[in-house]
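**Student:** only geometry, no sequence info:
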């Protein structure tokens, strides 16, 4: 009971005082830790991002500084908080049909030219809350049809966004970039208490699976993939981490497999094991 009262007092004081600033030493501890666990290199100007994402956790955990919060994370005294912090610091914005030219290329230059009945596997390697993975599933369904054997595998470091991905349930505002014919064909509009939301159709959900994977560590046995989307994640890595991550990814690709990165990324100086087909689109040698 005393602990509850003490924490409540701390939270009240925290609310009155406002969010504390982070010291350079505290920021350095978070930077080192995040790079170690996720390979993410936080630039100096990312202080505001870090404090903005973690500030509420200080009050929720009853601590008064970022240093105290970091000590709490490392102590293991609050099970689950470490994953909460990782989720908050590694979650990136995403949306359906982001950088749509990639999906056009996938449909016209890869899927439409694919011969034979071998199963096709695509990996959304930084899938966040699932929009990219389900976009891929829509493109596959439209191009190859549901009678062909194909699957989409999505992975992310954040368990929180993976819960959203597995639910396949989104606010209707997230449907803005989905072409209307595909929205009608593959998305179910919510009614009653679910009004204002939509659910990805079961036929697609059954072809898409998700797993928590840290690209900055040895990869589990996930099989091999014909196509990998590794987009909007390498911008947070330094050169050495990029090389290590890409090497791991390439080891899980089929011969002559395809690799997509975002338009703000490239593999110059990262690997010589791929050919540049178009900017941001590569093929394994």
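**Tutor:** Thanks, I have the structure now. Keep in mind that what you see is a predicted model, and the values were worked out from it rather than measured.
**Student:** and the helices in the stretch 151-285 of the chain?
**Tutor:** Under the criterion DSSP state H, counting those that start in this stretch, helices of the stretch 151-285 of the chain are mapped to 159-167, 180-186, 202-205, 239-250.
**Student:** the third one packs against which elements?
**Tutor:** Counting contacts by 3 or more C-beta pairs under 8 Å, 6 or more residues apart in numbering; DSSP states H and E, the secondary-structure elements packed against helix 202-205 are helix 131-144. In this view, the C-beta of every residue, glycine as well, is placed from N, C-alpha and C.
**Student:** now the residue nearest in space to the middle of the chain, what's its secondary structure?
**Tutor:** In the chain, the residue lying closest to the centroid (C-alpha atoms, centre = their mean) is residue 128, at 2.7 Å. Following DSSP: H, G, I helix; E, B strand; the rest coil, residue 128 is assigned to coil.
**Student:** next, it: phi, psi?
**Tutor:** phi 50, psi -130 (degrees, to the nearest 10).
**Student:** quick check, pLDDT for it.
**Tutor:** Model confidence at residue 128, given as pLDDT, is 94.
**Student:** can you give me the separation between it and residue 258?
**Tutor:** 21 Å (C-beta to C-beta, to the nearest Å).
**Student:** how many other residues sit next to the closest residue to the residue nearest to the centre of the chain other than its chain neighbours?
**Tutor:** Of all residues not flanking residue 128 in the chain, residue 94 sits nearest, at 4.4 Å (C-beta to C-beta, 6 or more residues apart in numbering). Applying other C-beta atoms under 10 Å, we find 21 residues neighbouring residue 94.
**Student:** quick one: contacts for residue 94?
**Tutor:** Taking C-beta atoms under 8 Å, 6 or more residues apart in numbering as the criterion, residue 94 is in contact with 128-129, 131-132, 232.
**Student:** where does pLDDT dip in the protein?
**Tutor:** For the chain, residues meeting the criterion pLDDT under 70 lie at 1-19, 91.
**Student:** domain parsing of this protein, as residue ranges.
**Tutor:** With domains defined by automatic domain parsing, the chain comprises 2-90, 100-284.
**Student:** so of those, which one's packed in deepest?
**Tutor:** Across the domains of the chain, averaging neighbours per residue (mean count of other C-beta atoms under 10 Å) puts domain 100-284 on top, at a mean of 17.
**Student:** what about that one, how long is it end to end?
**Tutor:** Length of domain 100-284, first residue to last, C-alpha to C-alpha, to the nearest Å: 22 Å.
**Student:** equivalent analysis for stretch 147-166, please.
**Tutor:** Stretch 147-166 has an end-to-end distance of 23 Å (criterion: C-alpha to C-alpha).
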